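S.K.: next input, structure requested:
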Amino acid sequence: MNSIIYDSIALAIGYLLGSIPFGLLLTRLAGAGDLRSIGSGNIGATNVLRTGRKDLAAATLLLDGLKGTAAALIGASLSPEGGMIAGFAAFIGHVAPVWLQFKGGKGVATFLGVLFGLNWPTALIFCFVWLSAAALWRYSSLGALTASAAAPIALFMLGRSGEGFVVAIMAAILFYRHRENIARLRAGTETRIGQKA
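M.R.: Below is the predicted model:
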């Protein structure tokens, strides 16, 4: 019974942390307007960058990642499965925050943050694959998608099947959130790194 209570607490804490829209809050505080009316309308770091504020984009990237890490670590302190539960909930909170009518970000930074909280070697593998793929193909979105697909495989290979299963679900959601990017990649119209949109 106690484990159910602690897992429920981990779920709630994870979702609440994940649903904090740092990109939206930072741009409003900086007087850059409503982020949802700029560019793609997304609340993540990539769209924050479209405001011309690299500092705000970097801060958004960092904070969106840290909330995933914090959720996983807090959850792990509550119960054996709490890290996975809170990490997954934080990811869901980011992509579907209740405060914004469930219209959130694409989840890459929070995905990575959760990995750091669950298993830092896998997070480093994610970073390596992401940077390598982005450097090879010059598509940020493709780098993120490739890395997210590699993450659950890495966890399974490390013998962490429970976390691997949860991260695989997160990766599937991340792919869905990038469906427009995937369509542009297939059509050859996706913007490359360093190329003006």
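S.K.: contacts, neighbours, all on C-alpha from now
M.R.: Noted.
S.K.: contact partners of the helix or strand of the chain at the bottom of the mean pLDDT ranking?
M.R.: None of the helices or strands of the chain scores lower by mean pLDDT, DSSP states H and E than helix 45-49, at a mean of 85. By CA atoms under 8 Å, 6 or more residues apart in numbering, the list of residues contacting helix 45-49 from outside reads 23, 27, 35, 38-41, 54, 56-58, 60-61.
S.K.: hmm, which of those are the buried ones?
M.R.: Burial by neighbour count, judged by 16 or more other CA atoms under 10 Å, picks out 23, 27, 35, 56, 57, 58, 60, 61 from these.
S.K.: nearest spatial neighbour of the last one, skipping sequence neighbours?
M.R.: Once its chain neighbours are removed from consideration, residue 61 has its nearest residue in residue 45; the separation is 5.2 Å (CA to CA, 6 or more residues apart in numbering).
S.K.: can you get me a residue count around that neighbour?
M.R.: If you count neighbours by other CA atoms under 10 Å, residue 45 ends up with 26.
S.K.: quick check, residue 63 in contact with residue 24.
M.R.: No - applying CA atoms under 8 Å as the test, residue 63 and residue 24 come out as separate, 11.9 Å apart.
S.K.: could you redo the contacts of helix 45-49 as a markdown table and give each row pLDDT?
M.R.: Formatted as a markdown table, these follow (pLDDT from 0 to 100):
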| residue | pLDDT |
| --- | --- |
| 23 | 93 |
| 27 | 90 |
| 35 | 85 |
| 38 | 80 |
| 39 | 74 |
| 40 | 75 |
| 41 | 76 |
| 54 | 89 |
| 56 | 92 |
| 57 | 91 |
| 58 | 94 |
| 60 | 95 |
| 61 | 95 |
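S.K.: out of the residues you listed, which sit inside helices?
M.R.: Of the positions in the contacts of helix 45-49, 23, 27, 54, 56, 57, 58, 60, 61 sit in helices, assigned by DSSP state H.
S.K.: spatially, which two of these are the most separated?
M.R.: 27 and 61 (12.9 Å; CA to CA).
S.K.: which stretches of the chain form helices?
M.R.: Using DSSP H, helices in the chain cover 2-18, 22-29, 45-49, 54-78, 82-95, 108-118, 120-137, 140-157, 161-177, 179-187.
S.K.: and residue 145, what does it touch?
M.R.: 130, 171, 174, 175.
S.K.: burial count for the closest residue to the second one other than its chain neighbours?
M.R.: Right, the one you point to is residue 171. Closest residue to residue 171 apart from its sequence neighbours, by CA to CA, 6+ apart: residue 148 at 5.4 Å. By other CA under 10 Å, 27 other residues sit near residue 148.
S.K.: now swap in residue 171 and tell me
M.R.: 24.
S.K.: quick check: it vs residue 20, distance?
M.R.: 21 Å (CA to CA, to the nearest Å).
S.K.: ok, now residue 176?
M.R.: Residue 176 sits 21 Å away from residue 20, going by CA to CA.
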